[in-house]
Structure formats: C-alpha cells, structure tokens
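[1] Sequence and predicted structure, then a few things I'm wondering about:
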Amino acid sequence: MIKTHPLRLKPGADLKKEIEAYVKAQNIKAGWIATCAGSLTHYNIRFANQPNGSSGDGHFEIVSLVGTVSTNGSHLHLSISDSTGKTIGGHLLDSNVVYTTAEIVLQEDDAFEFTREKDGSTPWKELQIKNRNQ
C-alpha cells in the first residue's frame, strides 16, 4: 500500500538531516521524494564524479529534489537556482540550510524494502530492492 507523508521544514533546518530523521521516525523502508519546493541560504552538494562537495551561501530556490529514502540508506539529488536563474545540481549532502521553507511530499510502499549493498556492478553500495510480500 502506498502512503503519503507531507512535511514542511522551517527556516534553519538541515534539508538532508531532517528528511533522514523523518524517514527513521516513520520507519520508512521503501520511499521516494514525490515533490519538494522551497529555498536555501546555504547549499552543499557533490557534483558528478567528484570526491568532495561544493558549497555556497546566498538565496537559492529548490527547483528539484529527487531520490529514494529508507531507514537502510537514502540517495538524494538536489537542483537549485540562484537569483539569475543559474541552476546547479548534484548529490545532496548535509548542511543544506532552509531559508524560508521546504515543502516536501514523501511517499512509501510497504510492499518493498530498499537497502544499499555492494553487488559487484560498481564499487559503491547501490540500491537493492526486496519484495516484502514474497
């Protein structure tokens, strides 16, 4: 059964930490970001194939937040735009600070469980999908 979780983060909240805390508190085993609208005063993301994150201060619109969430590990990507419309995106790290709001809708399906494990296809722990009804 699919369940919907709407939540709003207030100014000063850490986007990733708050999502992870909510997922843990709700014991979400297989979830995803349905939508997110909001703004940041500080971003911290890791660009593709880079070892470290990049960060900046200012006023940024959240134009996209996507990914999977689970008590067993999450994988989230963020896109933001500045006051000129320049848009950047990458892997969501800690320390993305909410400016005015982050209006998030999470969904989960209790028929599945997401885990992150090395499967030999890459050097990293990747999404593994388990059907809980089998």
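    Received it, and whenever you're ready, just let me know what you need.
[2] ok, now which ones touch Phe112?
    Counting by C-beta atoms under 8 Å, 6 or more residues apart in numbering, Phe112 touches Lys29, Ala30, Ile129, Lys130, Asn131, Arg132. (C-beta placed from N, C-alpha, C; glycine too.)
[3] can you do 7 Å?
    Ala30, Ile129, Lys130, Asn131, Arg132 (C-beta atoms under 7 Å, 6 or more residues apart in numbering).
[4] Quick check on those: which are buried?
    Ala30 (16 or more other C-beta atoms under 10 Å).
[5] Export the contacts of Phe112 as CSV, with columns for secondary structure and pLDDT.
    Output for the contacts of Phe112, formatted as CSV (DSSP: H, G, I helix; E, B strand; the rest coil; pLDDT from 0 to 100):
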residue, secondary structure, pLDDT
Ala30, coil, 98
Ile129, strand, 97
Lys130, strand, 97
Asn131, strand, 96
Arg132, coil, 92
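[6] Between the contacts of Phe112, which sits nearest Gln107?
    Ala30 (9.6 Å; C-beta to C-beta).
[7] gap between the residue lying closest to that closest one once chain neighbours are set aside and Gly67?
    Of all residues not flanking Ala30 in the chain, Phe112 sits nearest, at 3.8 Å (C-beta to C-beta, 6 or more residues apart in numbering). Counting by C-beta to C-beta, to the nearest Å, the gap from Phe112 to Gly67 is 15 Å.
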